[in-house]
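S.K.: How does the following fold in three dimensions:
(chains A and B)
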2 protein chains.
Amino acid sequence: MRWNKISDAVVRRLPLYLRVLDEASRDGEKRLMSSQELGDRAGVSPALVRKDLAWFGEFGKQGVGYEVAYLRDELLRILNLDRVVDLGIIGMGALGHALARFNMDRYRRDPHFRLRVAALFDADPEKYGEQVGDLVIQPADQLEEVLERHGIRMAVVAVPAAAAQETVDRCVRAGVRAILNFAPVHVNVPEHVYLAHTDLSLELERLAYYLEG
Amino acid sequence: MRWNKISDAVVRRLPLYLRVLDEASRDGEKRLMSSQELGDRAGVSPALVRKDLAWFGEFGKQGVGYEVAYLRDELLRILNLDRVVDLGIIGMGALGHALARFNMDRYRRDPHFRLRVAALFDADPEKYGEQVGDLVIQPADQLEEVLERHGIRMAVVAVPAAAAQETVDRCVRAGVRAILNFAPVHVNVPEHVYLAHTDLSLELERLAYYLEG
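M.R.: Now for the predicted structure:
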């Protein structure tokens, strides 16, 4: 798989570059941008900008810089964001709700944001049919069917820890290829599926390390 | 500062180890644990477990493993989690609410969770006094005063992008040392303050990279 070759750290910086280029092209601000400026605005050193982008091709010219619109289009293509990407959110507790609203809001307001919340699920029958934005919460036992029918291949898992592995397994069976797991537990996925773990408790716990310096 | 010496990636894994040790000690499960088992349960290779822990001292014995209770206490100390750490949440929109509830809930239910939400703020007068868990939302213009009075040195920033830098500046002035920023914008902090950025949009955007493999 192509993505085994390029480190997570590199991929993690691509959306930062994309955001800078989005801004610059939105404002019609400029046609060319140096790695110095791209780096400054993304919070990355210019050398690292050049190194990161070199993984994917020859985008800039020495002494001239990157063409903003071209590099932006290339990054969109590399990130599979050259079209809208639909995602499902599973687990509509406080966190699932916030994630849904946050993303719907962003999608509505920012024409450059290409991730669309397309389905919401919860296992609690009391939540079935509840409206969130322009969607209604669907029964978690229809997960596979709905994800497959809509061709949704990205999922955000915000279920309790005890339900996380089963939920992830069902997403995988439905053809999901990339999962962002918020459940505070380690889950396993097959090799062809990419799993990112955003554990807010872990994030805060590691932050405490820096309280004494 | 001590923490300049040790990489973020190492610190990021310490709470994973702590969680495994918490579980093992809660269940009174075992007194000793090998780096193999600790690694398996944390999702990290045993070699990396040994390397990470070696940064902080000599915790294990070759062929014997780590003493669970001892290593757990040491990790708590290293992470400054050997006592309860208070944190403030600034920006009580959907995300701020979810973060508050998520952490309050976790703190109430899990005796091993040592992060306590101690203050909530919002700039919208309509939210002042609104109760969330056992706290009420306070006016953002009392931020410095409240954080200082309670000795709160960790902050979660969930304000809109346009308000992020000012909010962070005020946290810094109030003596905050570690900040988790959820606002979708790059902010600057002085060198003695640690800033972590959790941008959910960036996280989802980078995930899209892995949709094609």
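
S.K.: what angle separates the longest helix seen in chain A from helix B:8-26?
M.R.: Using DSSP state H, we find that the single longest helix of chain A is helix A:8-26. Using axes from the mean of the first three to the mean of the last three C-alpha atoms, to 10 degrees, one finds that helix A:8-26 and helix B:8-26 are set 120 degrees apart in direction.

S.K.: Just the mean pLDDT for helix A:8-26, thanks.
M.R.: For helix A:8-26, mean pLDDT rounds to 90.

S.K.: what does stretch A:153-170 give?
M.R.: If you average the pLDDT over stretch A:153-170, you get 96.

S.K.: What of stretch A:181-196?
M.R.: For stretch A:181-196, the mean pLDDT works out to 91.

S.K.: now do the same end-to-end measure for that stretch.
M.R.: Distance between the boundary residues of stretch A:181-196 (C-alpha to C-alpha, to the nearest Å) amounts to 6 Å.

S.K.: That stretch close to chain B?
M.R.: Yes. Using C-beta under 8 Å from any C-beta of the partner chain, stretch A:181-196 reaches chain B at A:184, A:186, A:192, A:194, A:196. All C-beta spots, glycine's among them, are computed from the backbone N, C-alpha and C.

S.K.: Can you pick out the most distant pair from those residues?
M.R.: Longest distance between any two of those is 25.0 Å, between A:184 and A:192; criterion C-beta to C-beta.

S.K.: Those two - which one has more neighbours?
M.R.: residue A:184 (18 against 10; other C-beta atoms under 10 Å in any protein chain shown).

S.K.: Please give the element, helix or strand, for the more buried one.
M.R.: Assignment of secondary structure by DSSP states H and E places residue A:184 within no helix or strand.

S.K.: got the contact list for it?
M.R.: Applying C-beta atoms under 8 Å, 6 or more residues apart in numbering or on different chains, we find residue A:184 in contact with A:161, A:199-202, B:106.

S.K.: would you list every one of the strands in chain A?
M.R.: Ranges of strands in chain A, per DSSP state E, are A:32-33, A:60-61, A:65-67, A:85-90, A:115-122, A:131-132, A:135-139, A:154-157, A:178-181, A:194-197.

S.K.: Make a markdown table from these and add mean neighbour count to it.
M.R.: Output for the strands of chain A, formatted as a markdown table (neighbours: other C-beta atoms under 10 Å in any protein chain shown):
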| stretch | mean neighbour count |
| --- | --- |
| strand A:32-33 | 20 |
| strand A:60-61 | 16 |
| strand A:65-67 | 20 |
| strand A:85-90 | 24 |
| strand A:115-122 | 22 |
| strand A:131-132 | 13 |
| strand A:135-139 | 17 |
| strand A:154-157 | 27 |
| strand A:178-181 | 25 |
| strand A:194-197 | 19 |
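
S.K.: quick one, which of these is nearest to residue B:85?
M.R.: That would be, of those and by C-beta to C-beta, strand A:194-197, which comes in at 21.8 Å.

S.K.: how is chain A carved up into domains?
M.R.: Per automatic domain parsing, the structural domains of chain A span A:2-78, A:85-203.
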